[in-house]
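In: quick check, what structure comes out for this input:
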Amino acid sequence: MKFWNRIAAILLCPVLLAGCGASAQEAPGTADSVPVHTDSSGAPVLRVGFAQDSAPYCYSIGNSQEMNGFDVELAEALCEDLGWTLEAVRVSPETQEAELLSGHIDCLIGWSDDGSGDAPYALTAPYMDQSVVAVVQEDSSLYELKDLIGMTSVTADRSPALDALIYDPGDGSNDRNIQLAAAFYDLYVEPDYSSCFQQLEEDDIESVIAERSFALYAQKQSEVPFRILEEPIKTDYRTIAFADGESAVCRAVSESLAHLLSDGTAEMLSRHFISWRLEEILLLPEE
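Out: Okay, here's the model as predicted:
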């Protein structure tokens, strides 16, 4: 299973107008919409926080501290479109919200939103589907989520998929998934998705619970055919979060993101990570 060795070798980073009050009359990059911080030459600087800690969104290779990934390239394209300079800031998932509220960063890219409208921050429109799904072998008799009851599943530790199965917000909104996880014969938690999909290949478990990008990657790379169940366990999207939805910076970034999604730039960037099939989950505007 050589491709799992490749994904395991990646060192992980320690790292459209909805919510931001954008106006159709305002163009990105105008004088009243530049960040308050500048570099030594006086050029506007956008400080973007990266808390995602895995390929294909943000990762480093070997001992390099250079940040790579789709979210990194998207942030670079946003700043180029706006005529700003990108300052990429590594933040931990545990402190990302404090970093945003303190003003240490201007925004968080890759913020997870379920589309309910209850997000505590101002968000751009979503740019990618990162729903949590169940993956089974192609010839499996499992086709619906209810078919997973009594079966053995596995997911990755510290992942959105694990949160989707066990996190209890206390308001009943995740009761269905908590009950589903409780009805599994067993739920194993592995350090990473490499181990999870190896177990599915070897027929040791019935399903892997993972974010859609990991499911698509495994489906493409594995020697054993996989199938993704149609109904997601949790619907989720990648967005960019701002503490202040009325800020000119928030409006400008929202407009620029919409521009990159409509003009083909975002789709072109997604193809830099072709093995992950990101172009299939990129949320492009309808023609």
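In: okay, how far is it across stretch 50-69, tip to tip?
Out: With C-alpha to C-alpha, to the nearest Å as the measure, stretch 50-69 spans 11 Å from end to end.
In: ok, now stretch 149-165?
Out: Stretch 149-165 has an end-to-end distance of 13 Å (criterion: C-alpha to C-alpha).
In: residues in contact with that stretch?
Out: Contacts to stretch 149-165, defined as C-beta atoms under 8 Å, 6 or more residues apart in numbering, come from residues 112, 130, 132, 134, 142, 174, 177-178, 180-181, 183-193, 195-196, 199-200, 205-211, 233-234, 236. Where C-beta positions appear, they are placed from N, C-alpha and C, glycine not excepted.
In: buried among these? Make that a PyMOL selection.
Out: Here is the PyMOL command that picks out the buried ones among the contacts of stretch 149-165, judged by 16 or more other C-beta atoms under 10 Å:
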select buried, resi 112+130+132+134+142+174+177+180+181+184+187+189+190+192+193+195+196+199+200+205+206+207+208+209+210+211+233+234+236
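In: what about Tyr217, distance to Pro56?
Out: Shown here: Tyr217 relative to Pro56, a distance of 8 Å by C-beta to C-beta, to the nearest Å.
In: whoops, I mixed them up, Ile149
Out: Ile149 is 32 Å from Pro56, where distance means C-beta to C-beta.
In: more neighbours: which of those two?
Out: Taking other C-beta atoms under 10 Å, Ile149 and Pro56 do not tie; Pro56 has more neighbours (23 against 14).
In: could you report the neighbour count for Gly42?
Out: So Gly42, with other C-beta under 10 Å, has 7 neighbours.
In: need the three-state assignment for it.
Out: Assigned by DSSP: H, G, I helix; E, B strand; the rest coil, the conformation of Gly42 is coil.
In: how far does stretch 239-247 stretch from one end to the other?
Out: Terminal residues of stretch 239-247 are spaced 17 Å apart (C-alpha to C-alpha).
In: hmm, who's touching that stretch?
Out: Residues outside stretch 239-247 that contact it (C-beta under 8 Å, 6+ apart): 19-21, 100-101, 103, 106-113, 119, 121-127, 249-250, 253-254, 257.
In: keep only those of the residues you listed that are in helices.
Out: If you go by DSSP state H, these have 100-101, 249-250, 253-254, 257 in helices.
In: mark which of the residues you listed are buried, thanks.
Out: Burial by neighbour count, judged by 16+ other C-beta under 10 Å, picks out 100, 249-250, 253-254, 257 from these.
In: adding distance to Ala77 and pLDDT, write those out as JSON lines.
Out: As requested, those are exported to JSON lines (distance: C-beta to C-beta, whole Å; pLDDT from 0 to 100):
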{"residue": "Leu100", "distance to Ala77": "21", "pLDDT": "95"}
{"residue": "Val249", "distance to Ala77": "16", "pLDDT": "90"}
{"residue": "Cys250", "distance to Ala77": "18", "pLDDT": "90"}
{"residue": "Val253", "distance to Ala77": "11", "pLDDT": "95"}
{"residue": "Ser254", "distance to Ala77": "14", "pLDDT": "94"}
{"residue": "Leu257", "distance to Ala77": "9", "pLDDT": "98"}
